[in-house]
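Visitor: Have a look at this fold, sequence not included:
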């Protein structure tokens, strides 16, 4: 049987959460029997496991800051119309070359509005293609709330015009789309809840509880927005619970060099610093305690690893999703939350003590099988086409 080709587009602009979640979906699709072209428009990230999917790197773009207003190329130069036209043409040529049976756009049209210059032409070409590819939007559980009705209407109109379904990587028992998208009822294509996508395929939870001997793990996702959080925690280590344990600080590949220097100057001798690691979920599973930011991938990996955890959600720029997700999981007893603007040695220490008091087995029932279920749904749609 011929393996169908899936073209999966993802654009990370600031952190790496979108890229890692999309990579998990790509791996699951390969396992399910698809050939996957993983089309990345962001800055390259090391240690990205694609499991047989083919990486296609577009000329990379990142955002200048958390407000997502200015887009920069790999030389930190604002992109111009010539750059946009060249990327659009590259993307359209790739579509013609691949002739995919399915096109998946990660987050768009719920986000990444800045990429309309290339995605709307791509979607229009997919709609006109004589082989009639299936088109899916792949989105996380929580959207950054948009107060303007015209912007929300634009999302609805784009979905209804170009897509066959919206794949929502959430457990509907925890949160549904209409919680953060007020016009969900006006979407006419199927809204399919896949469960949460855990980036690590196999997280081996050790039989022995690491509470008594494990290290303290501090992480900041990709690091792009951890430049306040990570140096602050580094300075606090001597005044925190488990201060005499080994500490490991994983800053993230995109941690600014100035912040990395502050971390290096602050940590005690029993702490090690790493820019990035290929096995972060494994480190989580073996840690006595995790202190981290609260991105989608981080929280789901903590749940899968059954790690005692304190999270400090990033709340800068226009971002609201980390705090809402963290609060929802705190409400069901999964972790402890410290607000970013309330981060002190006292508040973090108290949260760490509360987390240490939790049973490792007191993990809420949340659907974490989203990668496999996404692949199964897409492959089923292709088989029934």
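Guide: That came in fine, so what should we check first? The model shown is predicted, which means the values in this text are computed figures rather than measured ones.
Visitor: ok now do residue 289, which residues does it touch?
Guide: For residue 289, the contacting residues are 214, 216, 217, 241, 242, 307, 308, 309, 310, 352, 355, 356, taking CB atoms under 8 Å, 6 or more residues apart in numbering as the criterion. For the C-beta atoms, the positions are set from N, CA and C on the backbone; glycine is no exception.
Visitor: same question, residue 9
Guide: Taking CB under 8 Å, 6+ apart as the contact definition, residue 9 lies against 39, 41, 91, 103, 104, 105, 106, 108, 119, 122.
Visitor: Residue 368 now?
Guide: For residue 368, the contact set (CB under 8 Å, 6+ apart) comprises 195, 196, 198, 300, 303, 304.
Visitor: all strands for the stretch 1-150 of the chain, in order.
Guide: Under the criterion DSSP state E, counting those that start in this stretch, the stretch 1-150 of the chain contains strands at 5-10, 35-40, 54-57, 62-63, 71-72, 102-106, 134-139.
Visitor: Which of these sits closest to residue 180?
Guide: strand 134-139 (10.5 Å; CB to CB).
Visitor: so how far is the closest one from its chain's centroid?
Guide: Distance, stretch centre to chain centre, for strand 134-139: 16 Å (CA atoms, centre = their mean, to the nearest Å).
Visitor: picking that back up, looking at the strands of the stretch 1-150 of the chain, which has the lowest confidence?
Guide: Set side by side, those show their lowest mean pLDDT on strand 62-63, which sits at a mean of 89.
Visitor: got the contact list for it?
Guide: Under CB under 8 Å, 6+ apart, the answer for strand 62-63 is 12, 13, 14, 42, 43, 69, 70, 71, 72.
Visitor: before we move on, the earlier item: how about a markdown table for the contacts of residue 368, with distance to residue 372 added?
Guide: A markdown table is the format used below for the contacts of residue 368 (distance: CB to CB, whole Å):
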| residue | distance to residue 372 |
| --- | --- |
| 195 | 9 |
| 196 | 11 |
| 198 | 10 |
| 300 | 14 |
| 303 | 16 |
| 304 | 13 |
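Visitor: which one is residue 341 nearest to, not counting chain neighbours?
Guide: The spatial neighbour of residue 341 that comes closest, neighbours along the chain excluded (CB to CB, 6 or more residues apart in numbering), is residue 315 at 7.5 Å.
Visitor: What is the neighbour count of that neighbour?
Guide: When counting by other CB atoms under 10 Å, one arrives at 17 neighbours for residue 315.
Visitor: just to revisit the earlier point, from the contacts of residue 368, which is closest to residue 78?
Guide: Using CB to CB, residue 300 is the member of those that lies nearest residue 78, at 34.2 Å.
Visitor: same for the strand or helix carrying the closest one, what does it pack against?
Guide: Using DSSP states H and E, the element containing residue 300 is helix 296-305. Counting by 3 or more CB pairs under 8 Å, 6 or more residues apart in numbering; DSSP states H and E, the packing neighbours recorded for helix 296-305 are helix 17-32, helix 280-285, strand 289-292, strand 309-311, helix 321-331.
Visitor: Give me the residues contacting that helix.
Guide: Contact with helix 296-305 is made by 17, 20-21, 140-141, 169, 196-200, 203, 205, 219, 221, 280-281, 284-285, 290, 292, 309, 311, 321, 325-326, 329, 334-335, 363-364, 366, 368, as judged by CB under 8 Å, 6+ apart.
Visitor: Pull the contacting residues for residue 376.
Guide: Shown here is residue 376, whose contacts under the criterion CB under 8 Å, 6+ apart are residue 32.
Visitor: Next, work out how far apart it and residue 382 are.
Guide: 11 Å (CB to CB, to the nearest Å).
Visitor: again with residue 22
Guide: If you measure residue 22 against residue 382 using CB to CB, the figure is 18 Å.
Visitor: Repeat that for residue 127.
Guide: Taking CB to CB as the criterion, residue 127 is separated from residue 382 by 17 Å.
Visitor: between the two, who's got more neighbours?
Guide: The neighbour comparison of residue 127 against residue 382 (other CB under 10 Å) goes to residue 382, with 16 against 13.
Visitor: For that one, what are phi and psi?
Guide: Dihedral angles phi and psi of residue 382 (degrees, to the nearest 10) take the values phi -70, psi -40.
Visitor: cool, residue 197 as well?
Guide: Note on residue 197: backbone dihedrals following degrees, to the nearest 10 are phi -90, psi 120.
Visitor: so what's it up against?
Guide: The neighbours of residue 197, taking CB under 8 Å, 6+ apart as the test, are 21, 24, 25, 169, 300, 370, 371, 374.
Visitor: Show me how the protein divides into domains.
Guide: Residue ranges of the domains in the chain are recorded as 5-197+368-384, 216-356, according to automatic domain parsing.
Visitor: for the longest one, the distance to its chain's centre please.
Guide: Taking the mean C-alpha point of domain 5-197+368-384 and that of its whole chain, the gap between them comes to 12 Å (CA atoms, centre = their mean).
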